[in-house]
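Visitor: task: produce atomic coordinates for the following.
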Amino acid sequence: MKGMTNNQIIMNEAAKLDPATLHAIATAHHTPEQIAAMAANAVTTDENGDEQPATIADVEIILAAAELHTFDYWKKEGKSVKKGETHLIECYLWKYTTRPSKAQREAAEAEGKEAAPAPHFYPTKSHLFSCLQVHDAKQAPAGRFGSVAAIMEYNKKLAAERKAAKAAAEQAASTPAPIITEEHHELPELVHVDPLPTKKASKPAATKKPAPDVLRKAEREAKAAFLAVPETDRKGQAAALDAWRKTRKAVEDAKQAPAAVAAPDEAPVKQLDFESIAAGLLA
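Guide: This next block holds a predicted model:
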């Protein structure tokens, strides 16, 4: 390894692979015709320094060695090792660093100094994968913004929205709250209404109910009496509300009651259209 470059180390290790593997790697980017043409125009040098005509096997070793790289190298090229693949070659390659060695750091520490940078190469265990063992890495998802200009434009938009919200809040704070006034009206006192006298009939007849207009009047008066009670008088409000409910129920019952049936010795009673009368009163 000493005195050899990384390319020479990789080529020597590639020559140890079986011919079928070398052929598959070499033909990944070159046709057999191209490889044969290269071999016809190439020469090799043996251990004694003598040149010999290159063979197709020699060219395939050179081409395969150029397609063997470490995991980090393929990653920088936008490739990733396929799942389940294992390295074809394990060897030591030279790696560059400026970090001082352990001995240099200890010597500097003994002198109370900081070790100075020491650029050098050191051998590190490496694992090589061929071009057949990698594929294009998945592209990262597109970012939210395509450029710096888009980010700046978005920030301006946010600033404008914050400014508008602040201005609206300040305007709302400076606007005086609306003044709510209460109106009090004097309402007539609740008047007691005596029930209408009932007329005796030859046959037992049901008790006559008050006329609808009287009931409606009583209901309005009860409502006015309820509204006239001060809010602080809870007991008075409860009593007035109960009276109002009773008069309102009486009005509803009068609307739903069937027409009275006249006795044989009495003249027929005409049924009044209470809704029409009420509509006329309210017009």
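
Visitor: contact partners for Leu132?
Guide: Residues near Leu132 by Cβ atoms under 8 Å, 6 or more residues apart in numbering: 24-25, 28, 67. In this view, the C-beta of every residue, glycine as well, is placed from N, C-alpha and C.

Visitor: same question for Pro53.
Guide: Here Pro53 is in contact with 42-44 (Cβ under 8 Å, 6+ apart).

Visitor: can you rerun that using 6 Å?
Guide: Val43 (Cβ atoms under 6 Å, 6 or more residues apart in numbering).

Visitor: in the sheet, who's paired with it?
Guide: Val43 (DSSP bridges).

Visitor: check it and give its pLDDT.
Guide: In this prediction, Pro53 carries a pLDDT score of 91.

Visitor: ditto for Asp50
Guide: Taking Asp50 on its own, its pLDDT is 87.

Visitor: what is the neighbour count of it?
Guide: Around Asp50 there are 9 other residues, counting by other Cβ atoms under 10 Å.

Visitor: and it, how far from Thr44?
Guide: According to Cβ to Cβ, to the nearest Å, Asp50 stands 9 Å off from Thr44.

Visitor: list the contacts for the closest residue to Asp58 other than its chain neighbours?
Guide: Nearest residue to Asp58 in three dimensions, chain neighbours excluded: Thr44, at 5.4 Å (Cβ to Cβ, 6 or more residues apart in numbering). Each residue near Thr44 by Cβ under 6 Å, 6+ apart is listed here: 52, 54, 58.

Visitor: same check, this time on Trp94
Guide: With Cβ under 6 Å, 6+ apart, Trp94 has these contacts: 6, 121.

Visitor: count the residues that sit near Trp244.
Guide: 21.

Visitor: what of Lys102?
Guide: Lys102: 9 surrounding residues under other Cβ under 10 Å.

Visitor: and for Pro195?
Guide: 10.

Visitor: ok so Leu93 is a strand residue?
Guide: Yes: checked against DSSP: H, G, I helix; E, B strand; the rest coil, Leu93 lies within a strand.

Visitor: ranges for the strands of the stretch 1-150 of the chain?
Guide: 43-45, 51-53, 68-70, 79-81, 89-97, 120-130, 134-136 (DSSP state E, counting those that start in this stretch).
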